[in-house]
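Novice: sequence first, predicted model second:
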Amino acid sequence: MIKAAVIGATGYAGAELVRLLTGHPEVELSTLCSRQYAQKPFSEVYPAFAGTVDRVCEAVDVEHIAEKADVVFTALPHKIPMEIVPRLLHQGLRVIDLSADFRFKDAKTYEAYYEPHLAKDLLEKAVYGLSEIYGDKIRGADLIGNPGCYPTCSMLPLIPLIKAGLIDPDTFIIDAKSGVSGAGRGLSLATQFCQVNDSFKAYKVSAHRHTPEIEAILSETAGRPVVVGFTPHLVPMSRGMLCTIYAEMDDDIDETRVRECLVDAYAKSPFVRIMQPATFPETLQVKGTNYCDIGFTIDARVGRIKLISVIDNLVKGAAGQAVQNFNLMFDAKETAGLDGVSWPI
């Protein structure tokens, strides 16, 4: 059994990690850390885990974690991991970080949207954890920068089409919607029930921190700078994400070529499903799972393709992809701990 620790176990992504790892056939949860709930049983924070995960949460002690774990998942707000991760690596641990701290190769880009980086020397070492795209690099990595939810949902439909030259990278518009859990468990007026119920709004318009992450990976894919128009929206549901993506393409490209490209690209990817023609995904069909479902149509009248993708923002957009990366890192079956079907309602 591989011993795993979760730092930040009582946040939404952390709790989802605990749920998934508890059912993983090759994992022993050795340590759960929480700043806010140290010395409290995990099942007291999340009663749904009563009798299943009653382990007492601990304060972060790197040396103590190193004695009990082989791998550490850091599910913490940005800035905190960059202070802890170097110490974890020094102890010989492998790390999967769910914050933005190790997603960027360019420290200046990170600092333009976040704050000064305290572990710049690790940015080249870190592997971006978009599992279907960087699987070969993930397998040999000691440090994974787990992608954001919006980038995962946005880029999985786009990357194969960019590589095949089927769409124009200068024309991308991403219209994205997320459930409230994407904002995390911290208290905020903007995410209180009365603020989000019966409402639907755009937020951080032209200023969302996932924009440079998307642009960095798509630019690497295209081999030249890519700028996207990205607008996130908050919808009154707990979890789920849907991205509607627009791109221009040549007149001679038809739906058959696009479908063949996507199907071929993800033929060996157990968690990406390409919808049947004239069928489009909805968030309910991936709820609680690690799937990304993709549908598309070509609007010949305006010369654009419309791609629609859905994920569960807490699973494929966070904890599930982290577990998928763990499976790749430790040469486990890629679907281990992630092979449950979606909730029907």
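Specialist: It's in. Numbers count the residues shown, from 1 in each chain.
Novice: for L93, give me its contacts.
Specialist: Taking C-beta atoms under 8 Å, 6 or more residues apart in numbering, we find L93 in contact with 65-66, 69-72. For glycine as for every other residue, the C-beta is placed from the backbone atoms N, C-alpha and C.
Novice: make JSON lines out of the residues you listed and add distance to R94, neighbour count and pLDDT.
Specialist: Shown next, in JSON lines, are the contacts of L93 (distance: C-beta to C-beta, whole Å; neighbours: other C-beta atoms under 10 Å; pLDDT from 0 to 100):
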{"residue": "I65", "distance to R94": "12", "neighbour count": "22", "pLDDT": "97"}
{"residue": "A66", "distance to R94": "11", "neighbour count": "18", "pLDDT": "96"}
{"residue": "A69", "distance to R94": "9", "neighbour count": "23", "pLDDT": "98"}
{"residue": "D70", "distance to R94": "7", "neighbour count": "17", "pLDDT": "98"}
{"residue": "V71", "distance to R94": "5", "neighbour count": "21", "pLDDT": "98"}
{"residue": "V72", "distance to R94": "7", "neighbour count": "28", "pLDDT": "98"}
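Novice: any buried residues in stretch 139-152, and which?
Specialist: Using 16 or more other C-beta atoms under 10 Å as the test for burial, stretch 139-152 gives 141-152.
Novice: what are the phi and psi angles of Y246?
Specialist: Main-chain torsions, Y246, degrees, to the nearest 10: phi -110, psi 140.
Novice: please look at A141 and F326 and confirm they touch.
Specialist: No - if you go by C-beta atoms under 8 Å, A141 and F326 don't touch, sitting 10.9 Å apart.
Novice: just the helices in the stretch 1-150 of the chain please.
Specialist: 12-22, 42-45, 62-68, 80-90, 107-113, 131-139, 149-163 (DSSP state H, counting those that start in this stretch).
Novice: where does the stretch 101-250 of the chain dip in pLDDT?
Specialist: Applying pLDDT under 70 to the stretch 101-250 of the chain flags residues 187.
Novice: circling back: which one of the contacts of L93 is nearest to D252?
Specialist: Nearest to D252 among these: V71, at 48.2 Å, using C-beta to C-beta.
Novice: out of the helices of the stretch 1-150 of the chain, nearest to K125?
Specialist: Of all the helices of the stretch 1-150 of the chain, helix 80-90 sits nearest to K125, with 8.4 Å by C-beta to C-beta.
Novice: what are the buried residues along that closest one?
Specialist: For helix 80-90, a neighbour-count test (16+ other C-beta under 10 Å) marks 80-82, 84-86, 88-89 as buried.
Novice: so what touches that helix?
Specialist: 7, 60, 62, 65-66, 72, 74, 76, 95, 97, 99, 101-102, 117-119, 122, 142-143.
Novice: mind running it again at 7 Å?
Specialist: For helix 80-90, contacts defined as C-beta atoms under 7 Å, 6 or more residues apart in numbering pick out 7, 60, 62, 72, 74, 95, 97, 99, 101, 117-119, 122, 142-143.
Novice: export that helix to PDB, keeping only CA atoms.
Specialist: Output of helix 80-90 as PDB, limited to C-alpha atoms (Å, rounded to 0.1, in the frame of the first residue of the first chain):
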ATOM      1  CA  ILE A  80       0.900  28.400   1.300                       C
ATOM      2  CA  PRO A  81       2.100  25.400  -0.700                       C
ATOM      3  CA  MET A  82       5.200  27.200  -2.000                       C
ATOM      4  CA  GLU A  83       6.300  27.500   1.600                       C
ATOM      5  CA  ILE A  84       5.700  23.800   2.400                       C
ATOM      6  CA  VAL A  85       6.400  21.900  -0.800                       C
ATOM      7  CA  PRO A  86      10.200  22.500  -0.900                       C
ATOM      8  CA  ARG A  87      10.400  21.000   2.600                       C
ATOM      9  CA  LEU A  88       8.300  18.000   1.600                       C
ATOM     10  CA  LEU A  89      10.400  17.300  -1.400                       C
ATOM     11  CA  HIS A  90      13.600  17.600   0.700                       C
END
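Novice: give me the mean pLDDT for it.
Specialist: Helix 80-90 carries an average pLDDT of 97.
Novice: which parts of this structure belong to which domain?
Specialist: Following automatic domain parsing, the chain resolves into domains at 2-125, 150-313.
Novice: quick one: these as a markdown table, columns for distance to Q321 too.
Specialist: Listed next are these as a markdown table, based on distance: least, C-beta to C-beta, whole Å:
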| stretch | distance to Q321 |
| --- | --- |
| domain 2-125 | 9 |
| domain 150-313 | 6 |
